[in-house]
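**Q** Next comes the sequence, and after it the predicted model I'd like to discuss.
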Amino acid sequence: MENFFKLKEHKTTVKTEVLAGITTFMAMAYILAVNPSILSASGMDWGAVFSATALSSAVATLCMGLIANMPFALSAGMGLNAFFTYTVVFGMGASWQFALAAVFTEGLIFLLLSVINVREAMFNAIPLSLKTGVSAGIGLFITIIALINAHILQDNASTLVQLIPFHQAMDGEYNVLDLQVCSAVLCLVGVIVTAFLMYKKVNGSILFGMIITWLLGIICQLIGVYRPNPDAGFYSVIPSGIVSMPASLAPTFGKFTEGFAEISTKGVMNFIVVMVSFLFVDIFDTLGTLIGCAKAGDMLNKEGRLHNVKYALLSDAIGTTFGAAAGTSTVTTFVESASGVQVGGRTGLTAIVTAILFLLAMFLWPIFSVIPSFATAPALIMVGFLMMKNVADVPWDDVTESLPAFLSIVAMPFFYSISEGIAFGVISYVVVNMITGNSKKVTPTLFVIAVLFVLKYILV
């Protein structure tokens, strides 16, 4: 392991890497339940999507560990799966096979761009100040995801967002609000527990915080404080079993080929628009996640470059292509990888441990499919807290560097998108530096990226 992963060079150990891999898996295991729920609404078989999600996650993450030797994990991207179901299938009236064909095509293009180093050039073209802002922005982004998943944060017609009304719960009649409050309280308790463990410098504090919060949720269900309500999205947190045979992939495997036949009826332009939409979001979500997680682990060099980034991007492209063939939406690098990085994961061994757990999940899905969001949310909040330290590295005295970084930071949580945060940062960086006479700081590659972002807002 030392010879292959270079553990000493990365100042890590087998124990640390294994703990980091488990932490990353626990933080993102929710995708095994959420992705099938979203894609099955399009008509896909729930069990087949579950197996496809677990298998493609394992394959892509194994590639990340073995080819790139990096501690990042991959799975079906949130947002992209919703776009798959609600925009392409419901909005356009296309079949899920048509959507899979678009994802498969996007994966092939992604693969080509990775091989010829286009995506690596994009990564390297983004200035270090922007990469710092992206990292902090991702910290806020995953914190908001956690607050929403734990039902602490809600939408509001007049103020856009609001804190859950704790005072309205437990009014004598148990309802959905009571479930939401129970979830919110458990999450907040989990944050306090995790913070205490971190203060005491307990190794694996983020992982143990998740497990303790989950156990508290089980206790709450046993005593009747937490009452599962599947119709409202609140499921039992107690596993119904331990081992079960994986669901068959037959209903979805290779079905993307049927989608190509539908292009003649849906139109070539519609197919191209869908494919480009998947491609654009996938490219910049992946770049942003790699930047944020690498920055969190102090893995960027002085120029803001990441060693072996080409192979990390290649692993991502392989995951997307394989995932579409197996029967799931776009596979991308997960921002939850930052939880494992914060535990100390620095090499591909972390990714391999996570990949093995995804494979085991195909047989142990009764356990992994009930990990509640209120248990993973504290981990994401603490990771967001740790990633915010990067704000100190932004050169605030130079407005041409700090303003684009600031716009990246605020755009990610407010627009609920990593790629939008990068877009605002890149466009503003190019514009501000051009009008202030600092055009030499704008490389041709960065200028082209900015133009592509502008065209995306105009055309797509």
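**A** Sure thing, it's come through. Since the model is a prediction, treat every value here as computed from it, not as a measurement.
**Q** Skipping its backbone neighbours, what lies nearest V410 in space?
**A** G137 (7.3 Å; C-beta to C-beta, 6 or more residues apart in numbering). Any C-beta I mention is one placed from the backbone N, CA and C, and that applies to glycine too.
**Q** State the distance from that neighbour to I145.
**A** Distance from G137 to I145, counting by C-beta to C-beta, to the nearest Å: 13 Å.
**Q** The two: which has the busier surroundings?
**A** G137 (34 against 22; other C-beta atoms under 10 Å).
**Q** can I assume that one is in contact with P413?
**A** Yes: with contacts counted by C-beta atoms under 8 Å, G137 reaches P413, the gap being 7.1 Å.
**Q** coming back round to it: and the residue nearest to V410, what helix or strand is that in?
**A** In this structure, G137 sits in helix 128-149 according to DSSP states H and E.
**Q** Can you give me the neighbour number for M362?
**A** Burial of M362 is recorded as 19 neighbouring residues (other C-beta under 10 Å).
**Q** Q154: how many residues sit nearby?
**A** Neighbour tally, Q154, other C-beta under 10 Å: 14.
**Q** Can you classify it by secondary structure?
**A** Put simply, Q154 is strand when judged by DSSP: H, G, I helix; E, B strand; the rest coil.
**Q** quick one, what contacts it?
**A** 161-164 (C-beta atoms under 8 Å, 6 or more residues apart in numbering).
**Q** Neighbour-wise, give me the winner out of the residues you listed.
**A** When neighbours are counted by other C-beta under 10 Å, I164 leads these with 19 neighbours.
**Q** Give me the neighbour count for the residue nearest to E262 when sequence neighbours are not counted.
**A** Leaving aside its sequence neighbours, E262 sits nearest to F98 (C-beta to C-beta, 6+ apart; 4.5 Å). Using other C-beta under 10 Å, the number of residues around F98 comes to 24.
**Q** next one: L160
**A** With neighbours defined by other C-beta under 10 Å, the count for L160 comes to 8.
**Q** So which bits of stretch 66-84 are buried?
**A** Buried positions in stretch 66-84, judged by neighbour count with 16 or more other C-beta atoms under 10 Å: 66-81, 83-84.
**Q** cool, stretch 408-422 as well?
**A** By 16+ other C-beta under 10 Å, the buried positions in stretch 408-422 come out as 408-409, 411-414, 417-422.
**Q** How far does that stretch stretch from one end to the other?
**A** 6 Å (C-alpha to C-alpha, to the nearest Å).
**Q** Residues contacting it, please?
**A** Outside stretch 408-422, the residues that reach it (C-beta under 8 Å, 6+ apart) are 79, 126, 130, 133-134, 136-138, 140-141, 143-144, 280-281, 283-285, 287-289, 292, 335, 391, 407, 423-425.
**Q** how near is the residue nearest to V410 to Y416?
**A** Per C-beta to C-beta, G137 is found 12 Å from Y416.
**Q** Phi and psi next, for the residue nearest the centre of the chain.
**A** The C-alpha lying nearest the average C-alpha coordinate of the chain belongs to F334 (C-alpha atoms, centre = their mean; 3.2 Å). Main-chain torsions, F334, degrees, to the nearest 10: phi -90, psi 130.
**Q** Contact partners for it?
**A** Applying C-beta under 8 Å, 6+ apart, we find F334 in contact with 24, 28, 31, 72-75, 77, 289.
**Q** so can I have TSV of those showing pLDDT and secondary structure?
**A** Shown next, in TSV, are the contacts of F334 (pLDDT from 0 to 100; DSSP: H, G, I helix; E, B strand; the rest coil):
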residue	pLDDT	secondary structure
T24	93	helix
M28	88	helix
I31	87	helix
F72	95	coil
A73	96	coil
L74	96	strand
S75	95	strand
G77	86	coil
T289	85	helix
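**Q** now, which of these sits nearest E401?
**A** Nearest to E401 among the contacts of F334, counting by C-beta to C-beta, is T289 at 22.1 Å.
**Q** Looks like the closest one contacts V341 (just checking).
**A** No: using C-beta under 8 Å, T289 is not in contact with V341, being 11.1 Å away.
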